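Student: Predicted structure and sequence below. I'll ask about it afterward.
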Amino acid sequence: MKILSPEEYIHLTSKQSLQQEGSLIRIENPITGRIHTSYQQAVTSTGRLSSTEPNLQNIPIKTAEGRRIREAFVPEKGNVLISADYSQIELRIMAHLSKDKNLTHAFNNNLDIHSATAAEVFGVSLDEVTQDQRRSAKAINFGLMYGMSAFGLTRQLDIPRAEAQKYLDTYFERYTGVKEYMENIKAKAKEDMYVETIMGRRLYLNEINAANGLRRQAAERAAINAPLQGSAADIIKKAMIDINKFLNKEMPEVKMIMQVHDELIFETPKQSSEEVLQLVKKMMEEAVKLDIPLIAEAAIGENWNEAH
DNA sequence: CACTTCGGCGCG
DNA sequence: AAAGCGCGCCGAAGTG
């Protein structure tokens, strides 16, 4: 193995070089034989990390080809990967912050949240929910957290405007706590000029009272989303600190190697991997205590695709 | 030649 | 006119 001078190392890992090479396999660090991302801790407005050179937070997964790509991410021989991700953490935070009774009930009873929403919005029982209704409810749930309007839902679901409006109206009838939360957070943002996460991270919204309606509405959407996305970031960071402390002391052979917003990836010797899985899952779920339970789903694999 | 901007696309 | 949050990287086209 060649030991590189600092100049050579910096050249090989420079952004410029990265673009020239254009392939993960060629940016392997010659000293460690591995690919190393850099996490930026003071970039995003909400408190998330960002990942650069290379960005490992946007590796494909949604298509079959994408999953094949993930199979290329493997641990050292004798080790396995563990992926543990929070289930619906932002919606759970919405339940916690809004104290909405219906949403809280769904999470306290560990219901399939999109099916539960579909049952409410379409007025059917849980076991009558169709695939299509669940799909619509999922779009509503995600859209709400981003401050989406009826127009946005129309485009997302390819349905008439009036129907999208009816879905949203019904949603807010069934989830009045969420409706109040949306209104309250906007009102508070306009008064304070900022919103904050459960741990007090603030996002200042300079345009929340702008005369320009487009800019003002964009700030309102950010006001709705930032406490949800940002609190999720707070929670996983707390979990990372707890887990790191524990691993350093008790299981230094286990490495926490990646974070993808609501997911942590570990590399660990195969023998103890089942025990490690249970430990990290528990520490993620207990990172903070909310009004509703936090659930982390974890799996073991020979590559990133299998583990996820 | 290095840098910037923009539209497109990958992820949560 | 735009109407869904948060990111980073790519290629094409333009700038100096």
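Tutor: All right, it came through fine. Source: prediction; values computed, not measured.
Student: which residues touch the closest residue to A:Ala72 other than its chain neighbours?
Tutor: Nearest non-adjacent residue to A:Ala72, counting by Cβ to Cβ, 6 or more residues apart in numbering: A:Asn303, 7.3 Å away. For the C-beta atoms, the positions are set from N, CA and C on the backbone; glycine is no exception. Residues near A:Asn303 by Cβ atoms under 8 Å, 6 or more residues apart in numbering: A:70-74, A:81.
Student: ok, A:Asn108 - how many residues close by?
Tutor: Neighbour count for A:Asn108, taken as other Cβ atoms under 10 Å: 12.
Student: isn't it right up against A:Pro293?
Tutor: Yes. Using Cβ atoms under 8 Å, A:Asn108 is in contact with A:Pro293, at 7.1 Å.
Student: and the closest residue to A:Ala222 other than its chain neighbours, how far is that from A:Arg221?
Tutor: Excluding its sequence neighbours, the residue lying closest to A:Ala222 (Cβ to Cβ, 6+ apart) is A:Leu205, at 6.1 Å. Distance of A:Leu205 to A:Arg221, given as Cβ to Cβ, to the nearest Å: 10 Å.
Student: Between those two, tell me which one has more neighbours.
Tutor: A:Leu205 (23 against 16).
Student: unless I'm mixing things up, that one is touching A:Lys188, no?
Tutor: No. In this structure, A:Leu205 is not within contact of A:Lys188 by Cβ under 8 Å, at 10.6 Å.
Student: and for the two, which residues touch both?
Tutor: Shared contacts of A:Leu205 and A:Lys188, counting by Cβ under 8 Å, 6+ apart, come down to A:Val195.
Student: Backbone dihedrals for the residue nearest to A:Ala72, please?
Tutor: With angles defined as degrees, to the nearest 10, A:Asn303 sits at phi -150, psi 180.
Student: what about A:Asp85, distance to A:Leu247?
Tutor: Counting by Cβ to Cβ, the gap from A:Asp85 to A:Leu247 is 18 Å.
Student: Equivalent analysis for A:Glu53, please.
Tutor: Counting by Cβ to Cβ - A:Glu53 and A:Leu247 are separated by 25 Å.
Student: In terms of neighbours, single out the busier of these two.
Tutor: A:Leu247 (20 against 16).
Student: Which helix or which strand is home to that one?
Tutor: helix A:213-250 (DSSP states H and E).
Student: Point out where chain A drops to low pLDDT.
Tutor: Where chain A drops to pLDDT under 70, the residues are A:1-22.
Student: and A:Ser51, which of the three is it?
Tutor: strand (DSSP: H, G, I helix; E, B strand; the rest coil).
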